[in-house]
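Undergrad: after the sequence you'll find the predicted model.
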Amino acid sequence: MSTIFPREEKAEQIFDEILKNPRACERLKDTFFAAIPSAEESEGAGTDIPGTVFAAALFNAYENKDLSAFMMAVCNNSVFDLLRNSFLIPIRFNDKGVENPIFLTDENGNLLDESKNHIYEKKYKMFHKLFEEQDEIPDYRMYMADGFRESHGYTENGEIETIRNAEHTGILLFFEFPQSVDLEINEEKIYAIVWEYLMKLQERLPRALMYYGKRDEHGIEKHTSKLGIFLPFCHFEREMEKNIELANGIGLGCRETILAEMKVLEK
């Protein structure tokens, strides 16, 4: 893919010389943020990072055509961090080996660590009442859980760090596929269906999280075998029973659409 402007000759040599001079790096950073209205007042805008880190990220992005490398320096988000944190793409279960969501209850609705009962007492009472009153739905479970989103940025040494944000306790609605079903459907097709239902979820329940699939520590995709909708108490507890009903309709609709697509492919 071509760039908007022609590539400069001997760019690497110029970049190397600038990186040797911290004052030059700081001046470059100042010039960048001066061109952005109100950047100084924008919390976490990247103005507080060292000029050398900023310049290195900028030059790395230019050389490798890697926009995320630069965005992490100026807003602590990669391109896909921005999409996830804008609720525009779903989150993978336990992505790259990091547990998310973190289950707080077992399949029977009991706290996994009773020593933390005092921490979750009020929320747990609400959850347990809803758990006892839930409808019987095949291949469906309800858990209390902690969920979070992530962003990425640089340390002062220029190393990439993962930052957890929006950590909340809530109710996780867990939709599994029947054990008799072996998902042979194209993962891209599943993703398209999940994304469609994520948009429906955001229309009805803004700020609810949708989980799907799995990707291991080596970045290898695993077949989608379950879906999840996470409702943080801080956003949805006022009408949690009604919100669960709405979320269940969307989650079950997503699962049925995937199963229907599989049946079409089998014919």
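TA: Nice, I can see it. Source: prediction; values computed, not measured. Numbers count the residues shown, from 1 in each chain.
Undergrad: tell me where the stretch 1-150 of the chain has strands.
TA: Assigned by DSSP state E, counting those that start in this stretch, the stretch 1-150 of the chain shows strands spanning 91-93, 102-103, 140-154.
Undergrad: quick one: the helices in the stretch 151-267 of the chain?
TA: Assigned by DSSP state H, counting those that start in this stretch, the stretch 151-267 of the chain shows helices spanning 187-204, 233-236, 240-266.
Undergrad: restrict the shortest one to CA atoms and write it as CSV.
TA: Taking only C-alpha atoms (Å, rounded to 0.1, in the frame of the first residue of the first chain), the coordinates of helix 233-236 have been written out as CSV:
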residue,chain,number,x,y,z
PHE,A,233,-23.1,-3.5,38.4
CYS,A,234,-22.0,0.2,38.1
HIS,A,235,-23.9,0.6,34.9
PHE,A,236,-26.8,-1.9,35.1
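Undergrad: for that helix, packing partners?
TA: strand 160-176 (3 or more C-beta pairs under 8 Å, 6 or more residues apart in numbering; DSSP states H and E). (Each C-beta comes from the backbone N, C-alpha and C, glycine too.)
Undergrad: the strand it packs on pairs with which strands, and in what direction?
TA: Under the criterion DSSP bridges, strand 160-176 sits next to strand 140-154 (antiparallel), strand 221-232 (antiparallel) in its sheet.
Undergrad: in it, what's buried?
TA: 168-175 (16 or more other C-beta atoms under 10 Å).
Undergrad: with stretch 189-206 instead?
TA: 190-191, 193-194, 197-198, 201-202, 205.
Undergrad: tell me which two of the residues you listed sit farthest apart.
TA: Comparing all pairs in the buried residues of stretch 189-206 by C-beta to C-beta, the longest separation belongs to Ile190 and Leu205, at 21.4 Å.
Undergrad: circling back: redo the strands paired with strand 160-176 as TSV? Include distance to Met210.
TA: Below are those laid out as TSV (distance: least, C-beta to C-beta, whole Å):
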stretch	distance to Met210
strand 140-154	11
strand 221-232	6
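Undergrad: and these as JSON lines, adding mean neighbour count?
TA: Listed next are the strands paired with strand 160-176 as JSON lines, based on neighbours: other C-beta atoms under 10 Å:
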{"stretch": "strand 140-154", "mean neighbour count": "20"}
{"stretch": "strand 221-232", "mean neighbour count": "20"}
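Undergrad: looking at those, which has the lowest confidence?
TA: Least confident of these, judged by mean pLDDT, is strand 221-232 with a mean of 83.
Undergrad: ok, Phe174 - contacts?
TA: 140-143, 226-228 (C-beta atoms under 8 Å, 6 or more residues apart in numbering).
Undergrad: quick check, nearest of these to Phe103?
TA: Tyr143 (5.4 Å).
Undergrad: ok, that closest one - contacts?
TA: Tyr143 is in contact with 101, 103-105, 171-172, 174, counting by C-beta under 8 Å, 6+ apart.
Undergrad: if we go to 7 Å?
TA: 103, 105, 172, 174 (C-beta atoms under 7 Å, 6 or more residues apart in numbering).
Undergrad: distance of the third one from Lys242?
TA: Remark: distance between Leu172 and Lys242 (C-beta to C-beta, to the nearest Å) = 17 Å.
Undergrad: could you do the first one as well?
TA: Applying C-beta to C-beta, the value for Phe103 to Lys242 is 24 Å.
Undergrad: who has more neighbours, these two?
TA: Phe103 (14 against 11; other C-beta atoms under 10 Å).
Undergrad: wait, what's in contact with the more buried one?
TA: 112, 143, 145.
Undergrad: next: Phe236.
TA: Phe236 neighbours (C-beta under 7 Å, 6+ apart): 205, 243.
Undergrad: measure Phe131 to Pro101 for me?
TA: Counting by C-beta to C-beta - Phe131 and Pro101 are separated by 16 Å.
Undergrad: quick one, which of these two is more surrounded?
TA: With neighbours defined as other C-beta under 10 Å, Phe131 and Pro101 compare such that Pro101 has more, 23 against 18.
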